[in-house]
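Undergrad: Have a look; sequence and predicted model below, questions after that.
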Amino acid sequence: DQQVKQNSPSLSVQEGRISILNCDYTNSMFDYFLWYKKYPAEGPTFLISISSIKDKNEDGRFTVFLNKSAKHLSLHIVPSQPGDSAVYFCAASDPFTGNQFYFGTGTSLTVIP
Amino acid sequence: KAGVTQTPRYLIKTRGQQVTLSCSPISGHRSVSWYQQTPGQGLQFLFEYFSETQRNKGNFPGRFSGRQFSNSRSEMNVSTLELGDSALYLCASSRQTGGNEKLFFGSGTQLSVL
């Protein structure tokens, strides 16, 4: 039972344009969300987080939006750069299970120079 | 500050054997979590250890076990290996458990079961 879903396995974007990666979840108890970037043969690298008391969080070129009523979050990358080409995972946790995170299956982003 | 270190980087085993993977967390981090990643799948939570105690366990058979030492280093053991256990095993550390912590991942151990 996939509680966190990333329905787009891949995305291609021109350099300098906006990349939008989407993530949906089913468990209304989730209150904390993370985005990770992963290059081949490396572990995931933390990008940005958001808790359910906010609907937006920004860090440089990365912004995460949370729509609790729709159980949907998105990661915006502006402007996109070729070095952003990687697999992006969203993850969610609830307040009761420590650091147990539920991950989506990932979206492979390709930024075309 | 050194990151999360996982050893070995690659491992090849045969069915029925057992394997032990090791993880050294970032200095000062007391929580260590383990995840399994298979092709086309997201990361699946195995278990979390905090202060030498298993905090939480995912939906994996009892063949998967772990432990944490007093210096926060952790090991994961898989007994009676099956072909389906071939995966990338990732270890992640954080300062505390719960409370909106960020997980910091190691590079993983790629296990191949033949």
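TA: Received it, and whenever you're ready, just let me know what you need. Numbers count the residues shown, from 1 in each chain, chains lettered A, B, ... in the order given.
Undergrad: And the helix or strand of chain B with the lowest mean pLDDT, what does it pack against?
TA: The weakest-scoring helix or strand in chain B, judged by mean pLDDT, DSSP states H and E, is strand B:53-57 (a mean of 93). If you count contacts as 3 or more Cβ pairs under 8 Å, 6 or more residues apart in numbering or on different chains; DSSP states H and E, strand B:53-57 packs onto strand B:43-50. The way it works is simple: take the backbone N, C-alpha and C, and place the C-beta from them, glycine included.
Undergrad: Show me what the strand it packs on pairs with in its sheet, parallel or antiparallel.
TA: strand B:31-37 (antiparallel), strand B:53-57 (antiparallel) (DSSP bridges).
Undergrad: Following the chain onward from the last one, which element is next?
TA: As assigned by DSSP states H and E, the chain's next helix or strand after strand B:53-57 is strand B:64-68.
Undergrad: ok, and what's touching that following strand?
TA: With Cβ atoms under 8 Å, 6 or more residues apart in numbering or on different chains as the test, strand B:64-68 has contacts from B:32, B:34, B:46-47, B:49-54, B:74-79.
Undergrad: What angle do strand B:53-57 and it make with each other?
TA: 140 degrees (axes from the mean of the first three to the mean of the last three Cα atoms, to 10 degrees).
Undergrad: model confidence over the helix or strand following strand B:64-68, on average?
TA: Next along the chain after strand B:64-68, taking DSSP H and E as the criterion, comes strand B:74-78. For strand B:74-78, mean pLDDT rounds to 98.
Undergrad: which other residues reach strand B:74-78?
TA: B:18-23, B:25, B:32, B:34, B:46, B:49, B:63-69, B:85, B:89, B:91, B:111.
Undergrad: how about a cut-off of 7 Å?
TA: Residues outside strand B:74-78 that contact it (Cβ atoms under 7 Å, 6 or more residues apart in numbering or on different chains): B:18-23, B:32, B:34, B:49, B:63-68, B:85, B:89, B:91.
Undergrad: And for stretch A:100-112?
TA: By Cβ under 7 Å, 6+ apart, stretch A:100-112 touches A:3-6, A:8-15, A:19, A:21, A:23, A:34, A:80-82, A:84-93, B:40-43, B:45, B:48, B:56, B:58, B:103.
Undergrad: Would you mind listing which of these are buried?
TA: A:3-6, A:11, A:13, A:19, A:21, A:23, A:34, A:80, A:84-93, B:42-43, B:45, B:48, B:56, B:58, B:103 (16 or more other Cβ atoms under 10 Å in any protein chain shown).
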